[in-house]
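*Asks:* Got a sequence here, can you build the structure:
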Amino acid sequence: MAGGMLVEDHDDAVEVVEEVTSFSFEIPDGVKAGVTLKVTAPDGVTLHIPLPQNILKGDKMVMVKSLEGKWGIKHVVRADAATVVASPQSRIKSREDVARDLSQPHVCNVHLRTTKGIIKLRVVPNWAPKGAQRFLQLVTDKYYTDLPVYRAVDTFLVQFGITGDPDRSEKYEAIEDDELRGIPILEGMVCFAAAAANSRQATVCLFLSDFPQLGKNSWETPFARVSEESFPVLRSIFTGYGDMPQCGGTGPDPIQLQDRGNSYITECFPECDFVESAEWVQ
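*Replies:* As a prediction, this is how the structure comes out:
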């Protein structure tokens with residue numbers, strides 16, 4: 001666990017305290033996957049953390065504070081295995097490399113129709129074959145229909161994919177991680193939202209800024225990017241409610257959304273935008 005550092009100058013009696021930006025804790029005995037764990041962060045904020053379905057007793061959950069001062073799950077270290085990290089040989093691609101990848105003929109086009117307009121995505125299977133396949137499957141199955149953008153944090157990300165219909169959500173099991181291929185998290189990059197290895201399912205996040213510090217875990221690798229012509233629509237998604245309660249914010253609670261469905265959003269957070277549909281454009 002990261003701790004604050006106290007430096008005392010005896011001559012001038014100056015005290016400098018280093019801000020704690022990460023901490024970790026072990027999953028205690030008797031706590032089951034799917035429950036919400038109440039944890040107090042080093043800065044005193046009470047976090048309500050929904051545990052991933054593949055969590056086990058003794059696993060270590062690592063939390064990190066974002067640039068906006070919000071706590072979120074960075075990764076989970078399996079009790080009997082090492083965390084998946086980037087290979088030393090994984091070269092981070094340049095913007096020029098990314099642009100070339102996006103112009104290749106095998107790239108797939110998907111249009112997200114939102115309440116603010118159409119967001120055009122370029123899906124690159126070579127970046128994350130398993131992630132791209134799952135996303136295109138979900139698009140083909142019309143999964144992304146009438147889904148609220150329940151997490152929207154200014155200059156960070158927008159996130160959607162939770163439904164209150166269990167028959168719809170439980171149809172898709174989590175997929176295995178893709179190998180890291182050096183794809184940077186740039187503005188407009190599209191990833192599955194996941195908290196641990198092999199836990200990607202259906203929830204998707206679109207980044208609103210560059211985050212070079214992310215993308216180092218195998219479940220964070222992007223599979224698509226928003227076309228630059230759609231950046232204005234992406235940036236117009238409503239972010240006024242802030243982050244979700246599990247990360248210290250006052251926005252919609254994904255657990256309540258899962259339990260109560262879209263009525264929870266329309267009644268309590270009426271300004272939230274929606275993804276109305278997603279279409280694979282051949």
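*Asks:* quick one, helices of this structure?
*Replies:* For the chain, the helices defined by DSSP state H occupy 95-102, 129-140, 166-169, 231-236, 254-260, 262-268.
*Asks:* Name the residues of the second one that come out as buried.
*Replies:* Put plainly, it is helix 129-140. For helix 129-140, a neighbour-count test (16 or more other CB atoms under 10 Å) marks Lys130, Gly131, Ala132, Arg134, Phe135, Leu136, Leu138, Val139 as buried. No exception for glycine: its C-beta is placed from N, CA and C like everyone else's.
*Asks:* Can you spell out which residues form a bridge with Ile118?
*Replies:* Beta-bridge pairing for Ile118 (DSSP bridges): Arg113.
*Asks:* Could you list the low-pLDDT ranges of the protein?
*Replies:* 1-20, 31-34, 51-56, 66-68, 74-90 (pLDDT under 70).
*Asks:* at 50 what do you get?
*Replies:* For the chain, residues meeting the criterion pLDDT under 50 lie at 1-17, 81-89.
*Asks:* okay, now the domains of it?
*Replies:* For the chain, the structural domains run 6-77, 95-281, going by automatic domain parsing.
*Asks:* so which of these is the most packed in?
*Replies:* Ranked by mean neighbour count, those are led by domain 95-281 with a mean of 19 (mean count of other CB atoms under 10 Å).
*Asks:* what about that domain, start to end distance?
*Replies:* 25 Å (CA to CA, to the nearest Å).
*Asks:* Equivalent analysis for stretch 180-189, please.
*Replies:* For stretch 180-189, the separation between the terminal residues is 15 Å (CA to CA).
*Asks:* Quick one: distance of it to the chain centre.
*Replies:* From the chain centre to the centre of stretch 180-189 is a distance of 13 Å (CA atoms, centre = their mean, to the nearest Å).
*Asks:* okay, the helices of the chain in CSV with distance to Lys65 next?
*Replies:* Formatted as CSV, the helices of the chain follow (distance: least, CB to CB, whole Å):
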stretch, distance to Lys65
helix 95-102, 27
helix 129-140, 26
helix 166-169, 29
helix 231-236, 24
helix 254-260, 20
helix 262-268, 26
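*Asks:* Can you tell me which of the ones you listed is nearest to Pro28?
*Replies:* Each of the helices of the chain has some distance to Pro28 by CB to CB; the shortest is helix 254-260, at 19.7 Å.
*Asks:* so what's the residue nearest to the spatial centre of the chain up against?
*Replies:* For the chain, the residue nearest the mean C-alpha position is Ala193 (3.4 Å; CA atoms, centre = their mean). Residues near Ala193 by CB atoms under 8 Å, 6 or more residues apart in numbering: Gln159, Gly161, Thr203, Val204, Cys205.
*Asks:* Looking at those residues, which one is closest to Gly242?
*Replies:* Of all the contacts of Ala193, Gln159 has the smallest distance to Gly242: 12.7 Å, by CB to CB.
*Asks:* what's the most distant pair in the contacts of Ala193?
*Replies:* Between all members of those, the farthest pair (by CB to CB) comes out as Gly161 and Cys205, at 8.6 Å.
*Asks:* returning to that earlier point: would you point out the most distant pair within the buried residues of helix 129-140?
*Replies:* Spanning the widest gap among these are Lys130 and Val139, at 15.2 Å by CB to CB.
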